[in-house]
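A.B. asks: Give me a 3D structure for the following:
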Amino acid sequence: LTLSTAHSGKVEGTSYYGKSYYVFTTSAADNYTLSMNNSDSMDCDLYSDSGFSTRVSWAYNDCTAGTNLSTTFKGSSGTGLSGSTTYYLRIEGESSTAKTSTYNITVAPEG
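C.D. replies: Numbering: from 1, shown residues only. Below is the predicted model of the structure:
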């Protein structure tokens, strides 16, 4: 993802299969805001590795599943994401039936 630029995205399938993956690199140490205009319920997780196995502190980077997904990523200690660092974002559909959900997604620094 290019910071502060909307990107068109899509999740296909159910909550178990329907996932999209994104990468963004921070420009500076700061909190970063995720904004989406999804009309179907979705959730997100932020990771520090490309294998999507190490989540960045759940307590400071959790999305509350729902429509129009929005959250602020505050890093592992709540003081902001590290500067010039690559992060990995997983968006997951929350439907129990197969469907296609489209949305626009933006990640932007707060400062």
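
A.B. asks: hang on, isn't T85 packed against F24?
C.D. replies: No. At 9.6 Å, T85 does not count as touching F24 under the criterion of C-beta atoms under 8 Å. Just so you know, the C-beta spots here come from the backbone N, C-alpha and C atoms, and that holds for glycine as well.

A.B. asks: between those two, which one's more packed in?
C.D. replies: F24 (21 against 13; other C-beta atoms under 10 Å).

A.B. asks: list the contacts for that one?
C.D. replies: Contact partners of F24, counting by C-beta atoms under 8 Å, 6 or more residues apart in numbering, are L1, T2, L3, Y32, T86, Y87, L89, V107.

A.B. asks: and which of those is nearest S57?
C.D. replies: Y87 (12.1 Å; C-beta to C-beta).

A.B. asks: Run a quick neighbour tally on the closest one.
C.D. replies: Neighbours of Y87 under the rule other C-beta under 10 Å: 22.

A.B. asks: Bridge partners for it, pull those for me.
C.D. replies: Counting by DSSP bridges, Y87 forms beta bridges with F24.

A.B. asks: Likewise for the one 4 residues further on?
C.D. replies: Beta bridges link I91 to S20, C44, judged by DSSP bridges.

A.B. asks: Check S101 too.
C.D. replies: V11.
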